[in-house]
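> quick one: sequence and predicted model below, then my questions.
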Amino acid sequence: MQSREIWSGVTYALAASMIQEGLMDMGFETASGVYETVWSGKGLGYAFQTPEGWNTDDQYRSLSYMRPRLYGLCNGHYRSQHPRREQTGLR
């Protein structure tokens, strides 16, 4: 079962590592996959109940998992590298 799952926390950790190593586009593209699934209107609608993992049949396990909060690492590192965008309010 686990080999067929998407793990949100691991995906965000990988994206944060990519961003930290200067692979900005690849890192944000990786993180956007989880974002689109969890938060967007086109996704699965998990929002503030991000699961640990889900599969291609939209089955999930462990809602409200904490590791997906690694998104903050991506965002924090990006903002530290691009202070002008933060000051202007651009995202």
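Nice, thanks for sending it over.

> going forward, measure contacts between C-alpha atoms and count neighbours the same way
Noted.

> where does residue 45 land in three-state SS?
Secondary structure, DSSP: H, G, I helix; E, B strand; the rest coil: residue 45 is coil.

> touching, residue 51 and residue 6? I think so.
No. Using Cα atoms under 8 Å, residue 51 makes no contact with residue 6, being 9.7 Å away.

> which parts of the chain are helices?
8-20, 24-38, 71-81, 83-88 (DSSP state H).

> just how off-centre is stretch 43-51 within its chain?
11 Å (Cα atoms, centre = their mean, to the nearest Å).

> may I have that stretch as PDB, with CA atoms only?
Output of stretch 43-51 as PDB, limited to C-alpha atoms (Å, rounded to 0.1, in the frame of the first residue of the first chain):
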ATOM      1  CA  GLY A  43      -8.100  18.900  -5.700                       C
ATOM      2  CA  LEU A  44      -9.400  16.500  -3.000                       C
ATOM      3  CA  GLY A  45     -10.400  19.200  -0.500                       C
ATOM      4  CA  TYR A  46      -8.300  18.200   2.500                       C
ATOM      5  CA  ALA A  47      -7.400  21.800   3.300                       C
ATOM      6  CA  PHE A  48      -6.500  22.000   7.000                       C
ATOM      7  CA  GLN A  49      -6.800  18.200   7.400                       C
ATOM      8  CA  THR A  50      -3.800  17.300   5.200                       C
ATOM      9  CA  PRO A  51      -3.400  13.500   5.400                       C
END
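
> which parts of that stretch are buried?
50-51 (16 or more other Cα atoms under 10 Å).

> can you check stretch 7-22 too?
Neighbour counts using 16+ other Cα under 10 Å place 7-9, 11-20 of stretch 7-22 among the buried residues.

> surely residue 31 is in contact with residue 12?
Yes. Counting by Cα under 8 Å, residue 12 is a contact partner of residue 31 at 5.6 Å.
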